[in-house]
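Predicted model follows, preceded by the sequence.
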Amino acid sequence: MEAGRQDNLFRAIEQMPKVELHVHLEGSIPSRTIERLAQRNSIDVAGLVINPETGRHRFGHLINFLDSYRLRCKCLREVEDFEEACVDVLENLHSQNVRYAEITIAPTMSRLYGISMETVMRGIDAGATRVAREKGIEARFIFDVGRQFGHEHAWQTVREALENQARGVIAVGLGGDELHYSPEIFVKQFEFARKEGLHVVAHAGEVVGSASVWGAVTSLGAERIGHGLGARADEQLLEYMRIHNIAVDMCPTSNVATGATRSYADHPLPDYLRRGLLITLNSDDPDMFGSSLTDEYKVSSEMLGLDWQEIKTLCLNGVRAGFLPDLYKKNLFDEFSEAFARIESETPPALNS
Ligand code: ADE
Ligand code: ZN
């Protein structure tokens with residue numbers, strides 16, 4: 001694409017309203033906040049500094065990434081820590097014109113570090129309430145079940161999610177070490193969560209093939225799959241997800257950074273989208289990858305070859321796949337449609353290809 005057209009497209013991407021459905025609180029906290037919290041709580045975070053050469057960190061493998069992630073979680077100890085982290089993350093999303101976000105948090109990590117769920121939720125709730133009031137961005141929360149921590153922690157996480165529904169917890173998710181722990185291990189916990197009214201999502205097909213995605217969908221009843229790369233060679237599975245409207249929350253920069261995919265060129269997002277799957281675009285752990293949701297949209301144009309129409313589809317799919325009441329979705333659709341029309345009238349040359 002010639003430079004002027006790309007400038008216009010990038011400007012449109014910056015301006016457009018967005019939804020973020022797959023973003024981890026602990027992996028999104030700005031590095032300067034992590035350093036402040038680490039100092040306050042006497043935690044050595046030397047290993048967490050982003051590579052200054054590139055501004056983009058590569059972890060080589062998901063397991064290395066999870067070690068770093070765990071160290072970030074350790075920096076959060078007091079109610080104020082969680083509140084500050086939540087405010088910084090949501091303000092950052094707001095500065096990218098994100099209107100609605102589902103933020104994943106990792107209760108097991110806090111539990112292992114001796115932090116009570118009351119501490120976590122008081123801080124997060126206070127932070128989210130403040131930013132909603134001041135900036136108008138709405139947040140809901142997903143409690144992540146770390147696969148590697150076993151059954152009892154999974155049960156506890158589901159119970160805590162249920163206890164905190166009134167504070168905006170809407171779903172439980174499966175995350176962590178996909179390589180060594182299959183979704184089927186957690187059937188009972190997710191069945192209970194569903195029955196009690198929580199939504200269910202799962203990281204699957206991030207570093208394991210289609211069996212993991214089938215497991216998340218059929219055994220856990222996952223309504224959205226995080227990453228889903230492993231489905232790429234399984235026509236039957238792709239068709240199943242399309243027919244059943246199971247969203248795939250994709251995060252290309254994360255996949256390159258953790259080695260889940262070799263390169264952007266190798267990423268299946270364009271293929272999935274053109275097959276008619278409900279694909280959403282997300283940033284996963286942006287501060288750990290030196291990226292942002294806005295960057296992901298730029299990448300989707302520059303590296304994945306999507307055009308403006310496809311970018312708008314990704315954006316609206318975020319509204320479609322969010323765990324939101326219908327009326328709220330309708331309001332977002334109206335707002336997004338108006339914003340797209342305004343952006344298109346202001347910067348037409350790049351956007352009508
Ligand atoms: N926790 C935070 N980010 C994750 C990822 N990309 N995969 C699995 N668990 C995670
Ligand atoms: Zn994730």
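Now that the structure is in, tell me what you want to look at. Ligands and ions are numbered 1, 2, ... in the order given.

so the closest residue in space to Glu302 that isn't next to it in sequence is in which element?
The shortest distance from Glu302 to any non-neighbouring residue, by C-beta to C-beta, 6 or more residues apart in numbering, is to Gln6 (7.3 Å). Every C-beta, even on glycine, is put in place using the N, C-alpha and C of the backbone. Using DSSP states H and E, Gln6 falls within helix 3-15.

Tell me the helices and strands packed up against the next helix or strand along the chain from that helix.
If you walk from helix 3-15 toward the C-terminus, the next helix or strand you reach (DSSP H and E) is strand 18-24. Using 3 or more C-beta pairs under 8 Å, 6 or more residues apart in numbering; DSSP states H and E as the contact test, the elements touching strand 18-24 are helix 79-95, strand 98-105, strand 224-227, strand 247-250, strand 279-281, helix 293-302, helix 308-321.

Could you look over these and pick the most buried one?
Neighbour counts averaged per stretch over those are highest for strand 224-227, at a mean of 29; criterion: mean count of other C-beta atoms under 10 Å.

The stretch 251-353 of the chain against ligand 1: which residues are in contact?
The stretch 251-353 of the chain comes close to ligand 1 at residues 254, 284-285, as judged by C-beta under 6 Å from any ligand atom.

so which of those residues comes closest to Leu316?
Asp284 (20.3 Å; C-beta to C-beta).

who's in contact with Val217?
204, 225, 237, 240-241, 244, 246 (C-beta atoms under 8 Å, 6 or more residues apart in numbering).

which among those end up buried?
Buried subset of the contacts of Val217 (neighbour count, 16 or more other C-beta atoms under 10 Å): 204, 225, 237, 240-241, 246.

so which of the residues you listed are also by ligand 1?
Of the buried ones among the contacts of Val217, not one also sits near ligand 1 (C-beta under 6 Å from any ligand atom).

Point me to the residue of the stretch 151-300 of the chain nearest ligand 1.
Closest to ligand 1 within the stretch 151-300 of the chain is Gly175: 3.5 Å, counting by C-beta to the nearest ligand atom.

what's near enough to touch that residue?
The contact partners of Gly175, taken as C-beta under 8 Å, 6+ apart, are 24, 104, 106, 144-147, 202-203, 226.

Look up which residues are beta-bridged to it.
Beta bridges link Gly175 to Gly146 when assigned by DSSP bridges.

The spatially closest residue to Glu138 that is not a sequence neighbour and Met117, how far apart?
Excluding the flanking residues, the one nearest Glu138 by C-beta to C-beta, 6+ apart is Tyr100, at 5.0 Å. Relative to Met117, Tyr100 is positioned 24 Å away (C-beta to C-beta, to the nearest Å).

what stretches of this protein score poorly on pLDDT?
Confidence mapping of the chain against pLDDT under 70 gives the ranges 47-57, 348-353.

pull the longest helix from it.
In terms of residue count, the longest helix belonging to the chain (DSSP state H) is helix 326-346.

first to last residue in stretch 268-279, what's the distance?
This stretch, stretch 268-279, spans 11 Å end to end (C-alpha to C-alpha, to the nearest Å).

so how far is it off the chain centroid?
Offset of stretch 268-279 from its chain centre (C-alpha atoms, centre = their mean, to the nearest Å): 18 Å.

which ones among the contacts of Val217 are found in strands?
204, 225 (DSSP state E).

quick one: which of the contacts of Val217 is nearest to Arg194?
Ile246 (14.2 Å).

what sits against that closest one?
So Ile246 contacts 217, 222-225, 240, 278 (C-beta under 8 Å, 6+ apart).

These: which two are farthest apart?
Arg224 and Tyr240 (14.2 Å).

by contact count, what packs against the host helix or strand of Thr129?
Taking DSSP H and E as the definition, one finds Thr129 inside helix 117-135. Helices and strands touching helix 117-135, by 3+ C-beta pairs under 8 Å, 6+ apart, are helix 79-95, helix 107-112, strand 138-146.

Centre of the chain to the last one, how far?
Okay, so that is strand 138-146. On C-alpha atoms, centre = their mean, the centre of strand 138-146 falls 10 Å from the chain's centre.

after it comes which helix or strand?
Assigned by DSSP H and E, the successor of strand 138-146 is helix 150-163.

Packing partners of that following helix?
Other elements packing on helix 150-163 under the criterion 3+ C-beta pairs under 8 Å, 6+ apart are helix 107-112, strand 138-146, strand 169-175, helix 187-195.

What lies in contact with it?
Contacts of helix 150-163 (C-beta under 8 Å, 6+ apart): 107-108, 111, 117, 143-146, 169, 171-172, 185-186, 189-190, 192-193, 196, 198.
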